[in-house]
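1. One predicted model, sequence on top.
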Amino acid sequence: MNNGDRSVVVRDLVKRFGDFTAVNHISMETRNGEIFGFLGPNGAGKSTTIRMLCGLLTPTSGQAIVAGYDVARQPESVRQNIGYMSQKFSLYNDLKVIENLRLFAGLYNVPHKILRERIEWALDMANLKGQENLITGTLPGGWKQRLALGCAVLHRPPIIFLDEPTSGVDPISRRQFWELIHHMAEDGVTVFVTTHYMEEAEYCNRLALIYRGKMVALGTPTELKQESMKGDLLLVECEPLGPALEALQGTPGVLDAAVFGNSLHLVVSEAERGAAQVQQLLASRGMRVSKVEKIRPTLEDVFVSLTTERSRTREGAA
Amino acid sequence: MSHSSSWLERFQSGSVAESPVGEPVQHFATTNHNFGGVRSDSGLSFTRLLAMAKKEMIQIVRDTRSLGIVVLMPVVLVLLFGYGVNLDLKHMPIYVVDQDGSQDSQDLLKRFQNSEYFDLIRVVRSYPELVRAIDDGRAKMGLVIPWDFSQNLRTGAPVGVQALIDASDDNSANVLTGYAQSVVSDYSSQVQLQWMQRRGMTPPPPVLSVENRVWYNEDLESSAFIIPGVLALVMSVIGAFLTSLTISREWERGTMEQLISTPVSPMEIMLGKLIPYFVLGMFDAALCVGLALYWFHVPFRGTFGALFVSSALFLVAVLALGFFISVIAKNQLAASQIALLATFLPAFLLSGFLFSIEQMPKIVQLVTRVLPARYYVSALKMIFLKGTPLRMLGGELIPLVIFAILLSLVATGVLHKRLV
């Protein structure tokens, strides 16, 4: 039903609610059949962006082209070529599984001839065969999410938008759900997904890091981990943690310091020299250091590093 | 709090900003992306409409509360009004003090007794006893026949009979006074006649007299116009009250967001939601009419065609009103209250259903002109009691058509603005 355009192109997209800028000049472009992740904390502007891309909110300025259609001017055409799963579960709880599927098949104008086949396909994909007559409200969280995905793709859209699809779902269901997403992508569907789970972000082909309405980095998870850190990452295990962090934050050569679990992660310009410096400083203050080693950064490190940099420049500017 | 979670609230309160004027919107080569794919199919899609209507019907049937309202309310209201509300004043209890105790006073009292409007409960001895009976509600009226009643009648002196009336309900007091006066004046003219005959005078021929003939509701039974009026009440509740919840419920439960991410159009949402309620409303209308005709034996002189057309028009008007309320209200509670105020109360008080519009103050009469219920109740009375054919109901039906069209257009327009 589509011309084959599976892309999402965003230029300078802005959304303001009164004085509040929820989305601040975001630009990006997806590649066909990739899983594109939007990673950021709650309130960063992920959902607002996805709603604009689905034609549910009108952009304040800028432009977004989804499947070849301008979201502001051709929202109807956009809606025919996408599947959308909102953050909050929003199927009808008082309908049966099969009734929800039939409803959305009807709303997406799935032709009568292939209706049965499509619904079978969706049930199969969502692993809900045999559960057709259950009332949706009684399903466990993970099943609901799979049903929601099934309803969103009944018309085989070239692009699907998933807004925090796995929030509130147990880890096993979450993994199953990501397997589904990968199957979709293998079939050539472009998947646009938001999340605030760092480990989920690793499953994406490419990622945009969103912070306070701005896009702070864009790339594959590997690229982000390698390129976004200015310097090397050190893991420091020491006692007591709080005073150690305070002492290190002011030290020249330490670019960034943050608590990670029961250890510290430090960004230093060069690993070996930095490690020696840290050992010396903490020892001179009488703190017990059990481990200092160079580690590979995780996405979380990248995120923390990029966002603290942002807030620092922000404070500096103010 | 995340701003995105408050999106629905913003959305609902209508504060979602459109592109501000003067904001430079960059348009770049959009055409590059358009390879002539599927355009949005404008107009109504039967598939989508059917899907919406089916879903809505399933939800109504599965929700026992709304199903209860649909099935029980018409029955309860018709029975309640059929049995409970009786505006006829008949068999009003009266007490009498007959100080005269003559044949003449007996004659007068017999006249009261023979009237179907009065029941002569008791003849008491003293005035205070009479007053007590009125005070504690045993009597609606007390009659005092003076000791010189018979004597004065014979001498031709003016005679007065005192009537004490419980006017705590001033309307029925007025009616009662009228009835009492007519009984007394009938008696008075008979006495005059006898007086003249006894003196060998020929009574003058009656100069002018009014002869009343009651048409359309010959027995002046209030149920004959109240029960058809209940139809308007039932349709208002089904039409506006139930539908007023449908859109606000979708917003409250978050299902609206999923709904509007599909290609379904505002018009399809509205029609898809209203069709099931239309079916239910007409079902209820049939239920009320059935009860009226076969249980209460209300006279029906019109045609079912005229009844169907006017009911359908009224139903469309109230459905559109309910839908409109549902679109503008923020939640189900507000929606149901607005719907009650906007339809149920006017249908009850101002439609001419219980209280005659002609007797209302001028300003209130003007207000009734913008109420669909007024025209419907008027049409119902004409169809039931007069048998007015469809082609002569223009004065009632044309306003209903205007309401139906206007309210539907406004409702879809408002929904459209809310969605995009």
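-> It's in. Numbers count the residues shown, from 1 in each chain, chains lettered A, B, ... in the order given.
2. What's the local residue count around residue 249?
-> The chain I'm using is chain A. Residue A:249 is flanked by 12 other residues according to other Cβ atoms under 10 Å in any protein chain shown. To be clear about C-beta, it is placed using only N, CA and C from the backbone, and glycine gets the same treatment.
3. if you could check chain B rather than the one you did, that'd help
-> 17.
4. now residue B:152
-> For residue B:152, using other Cβ under 10 Å, the count is 16.
5. wait, doesn't it sit right on residue B:159?
-> Yes: if you go by Cβ atoms under 8 Å, residue B:152 and residue B:159 touch, sitting 4.6 Å apart.
6. Give the residues shared as contacts by the two.
-> Listed contacts common to residue B:152 and residue B:159 are nil; contacts here mean Cβ atoms under 8 Å, 6 or more residues apart in numbering or on different chains.
7. Tell me which stretches of chain A form strands.
-> A:8-17, A:20-29, A:35-39, A:61-66, A:69-70, A:82-85, A:159-163, A:190-195, A:206-211, A:214-219, A:232-239, A:254-260, A:263-268, A:288-295 (DSSP state E).
8. Relative to chain B, which of those is closest?
-> strand A:82-85 (3.9 Å; Cβ to the nearest Cβ).
9. related to what we said a few turns ago, may I see the strands of chain A arranged in a markdown table, with mean pLDDT, distance to chain B and mean neighbour count as well?
-> Listed next are the strands of chain A as a markdown table, based on pLDDT from 0 to 100; distance: least, Cβ to the nearest Cβ, whole Å; neighbours: other Cβ atoms under 10 Å in any protein chain shown:
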| stretch | mean pLDDT | distance to chain B | mean neighbour count |
| --- | --- | --- | --- |
| strand A:8-17 | 93 | 6 | 20 |
| strand A:20-29 | 92 | 5 | 18 |
| strand A:35-39 | 93 | 12 | 25 |
| strand A:61-66 | 93 | 5 | 23 |
| strand A:69-70 | 92 | 5 | 24 |
| strand A:82-85 | 94 | 4 | 28 |
| strand A:159-163 | 94 | 8 | 25 |
| strand A:190-195 | 93 | 9 | 25 |
| strand A:206-211 | 91 | 11 | 23 |
| strand A:214-219 | 90 | 14 | 18 |
| strand A:232-239 | 86 | 29 | 19 |
| strand A:254-260 | 83 | 23 | 18 |
| strand A:263-268 | 86 | 26 | 22 |
| strand A:288-295 | 85 | 31 | 13 |
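10. Low-confidence ranges, chain A, go.
-> Residues of chain A meeting the criterion pLDDT under 70: A:1-4, A:309-318.
11. Quick check, the residue in it closest to chain B?
-> Closest residue of chain A to chain B, Cβ to the nearest Cβ: residue A:106 (2.3 Å).
12. doesn't residue B:54 make contact with that residue?
-> Yes: Residue A:106 lies in contact with residue B:54 (Cβ under 8 Å); the separation is 7.5 Å.
13. Can I get the strands of chain A in JSON lines including distance to residue B:372?
-> JSON lines is the format used below for the strands of chain A (distance: least, Cβ to Cβ, whole Å):
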{"stretch": "strand A:8-17", "distance to residue B:372": "38"}
{"stretch": "strand A:20-29", "distance to residue B:372": "43"}
{"stretch": "strand A:35-39", "distance to residue B:372": "50"}
{"stretch": "strand A:61-66", "distance to residue B:372": "43"}
{"stretch": "strand A:69-70", "distance to residue B:372": "41"}
{"stretch": "strand A:82-85", "distance to residue B:372": "39"}
{"stretch": "strand A:159-163", "distance to residue B:372": "42"}
{"stretch": "strand A:190-195", "distance to residue B:372": "47"}
{"stretch": "strand A:206-211", "distance to residue B:372": "51"}
{"stretch": "strand A:214-219", "distance to residue B:372": "53"}
{"stretch": "strand A:232-239", "distance to residue B:372": "72"}
{"stretch": "strand A:254-260", "distance to residue B:372": "66"}
{"stretch": "strand A:263-268", "distance to residue B:372": "70"}
{"stretch": "strand A:288-295", "distance to residue B:372": "74"}
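14. So which of the ones you listed is nearest residue B:355?
-> When the strands of chain A are compared by Cβ to Cβ, strand A:8-17 sits nearest residue B:355, at 49.3 Å.
15. Would you list the strands that the closest one pairs with, along with their directions?
-> Sheet pairing for strand A:8-17, assigned by DSSP bridges, gives strand A:20-29 (antiparallel), strand A:61-66 (antiparallel).
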